[in-house]
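>>> This is a predicted model, with the sequence first.
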Amino acid sequence: IVNNVRLLIQAGAHGIKIEGASEETLQVIRKLTENGIPVMGHVGLTPQFYHMLGGFKVQGKAPQVAEKILKESKALAQAGCFSLVLECVPSQLAQEVTRSIDIPTIGIGAGPFTDGQILVWHDVLGMNDTFKPKFVRSFAQMNGAIKNALNAYVDAVIKGEFPSQEESFS
């Protein structure tokens with residue numbers, strides 16, 4: 001708890017996100033929320049544990065896994081989470097979870113039936129041309145422009161053109 005509080009204060013965060021809902025995790029969440037630390041839960045595809053889930057795959061297609069996600073979602077809400085991320089789950093499951101708990105749900109690859117949506121900003125800006133999950137829509141194609149800008153920056157530094165006199169303090 002002390003480390004989480006310290007990190008919150010140092011980073012200026014308004015809350016922390018914790019993935020999963022094991023009994024140990026739920027105990028930590030209860031302790032944090034009882035001490036006034038806002039916690040956002042996260043179920044479905046949990047990126048920190050994706051290797052244990054078989055990679056970046058939809059979670060909750062099988063009935064027993066869907067039931068587990070629903071049960072975990074309810075437990076996280078009861079533990080005091082202020083909201084819940086549902087990642088890479090079937091849209092009907094996300095809808096069922098959203099209807100079953102009294103905290104906002106935020107979907108990423110969870111269809112349109114959650115209370116809110118999120119995408120990683122790299123995906124929104126089209127910065128990755130090698131990995132694009134089905135649920136990602138890029139609203140710009142910045143990958144080339146960003147690479148060009150970074151290469152120009154490196155080149156200017158190597159050539160001694162940056163920083164210039166105008167960009168320096170006297």
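Structure received.

>>> How about I146: what's its closest non-neighbour residue?
In this structure, I146 finds its nearest non-sequential neighbour in M127, 6.1 Å apart by Cβ to Cβ, 6 or more residues apart in numbering. Bear in mind the C-beta positions are built from the backbone N, C-alpha and C, glycine included.

>>> Need the pLDDT of the one you found.
On pLDDT, M127 comes in at 84.

>>> mind listing what it touches?
M142, N143, I146 (Cβ atoms under 8 Å, 6 or more residues apart in numbering).

>>> Return the member of those nearest to G80.
M142 (38.2 Å; Cβ to Cβ).

>>> now the nearest residue to the closest one once chain neighbours are set aside: how far from Q141?
Leaving out its chain neighbours, the residue that sits closest to M142 by Cβ to Cβ, 6+ apart is L125, at 4.3 Å. To Q141, L125 is 8 Å away according to Cβ to Cβ, to the nearest Å.

>>> Of the two, which one has the most company?
For L125 and Q141, the more surrounded residue by other Cβ atoms under 10 Å is L125, and the numbers stand at 17 against 11.

>>> Please, which helix or strand holds I69?
Using DSSP states H and E, I69 maps to helix 63-79.

>>> can you map out the strands along this protein?
For the chain, the strands defined by DSSP state E cover 16-19, 39-44, 83-87, 105-108, 116-117.

>>> list the helices and strands the second one packs on?
Translated: strand 39-44. Applying 3 or more Cβ pairs under 8 Å, 6 or more residues apart in numbering; DSSP states H and E, one finds that strand 39-44 contacts strand 16-19, helix 23-34, helix 63-79, strand 83-87.

>>> one more time with 10 Å
Counting by 3 or more Cβ pairs under 10 Å, 6 or more residues apart in numbering; DSSP states H and E, the packing neighbours recorded for strand 39-44 are strand 16-19, helix 23-34, helix 63-79, strand 83-87, helix 91-100, strand 105-108.

>>> Now tell me which helix or strand of this structure has the poorest mean pLDDT.
In the chain, the helix or strand scored least confidently by mean pLDDT, DSSP states H and E is helix 2-11, which has a mean of 71.

>>> any chance of the helices and strands packed on strand 39-44 in TSV, plus mean neighbour count and mean pLDDT?
Shown next, in TSV, are the helices and strands packed on strand 39-44 (neighbours: other Cβ atoms under 10 Å; pLDDT from 0 to 100):
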stretch	mean neighbour count	mean pLDDT
strand 16-19	18	92
helix 23-34	15	93
helix 63-79	17	98
strand 83-87	25	97
helix 91-100	19	98
strand 105-108	24	96
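
>>> Between these, which one is closest to S168.
Going by Cβ to Cβ, the one of the helices and strands packed on strand 39-44 nearest S168 is strand 16-19, 39.5 Å.
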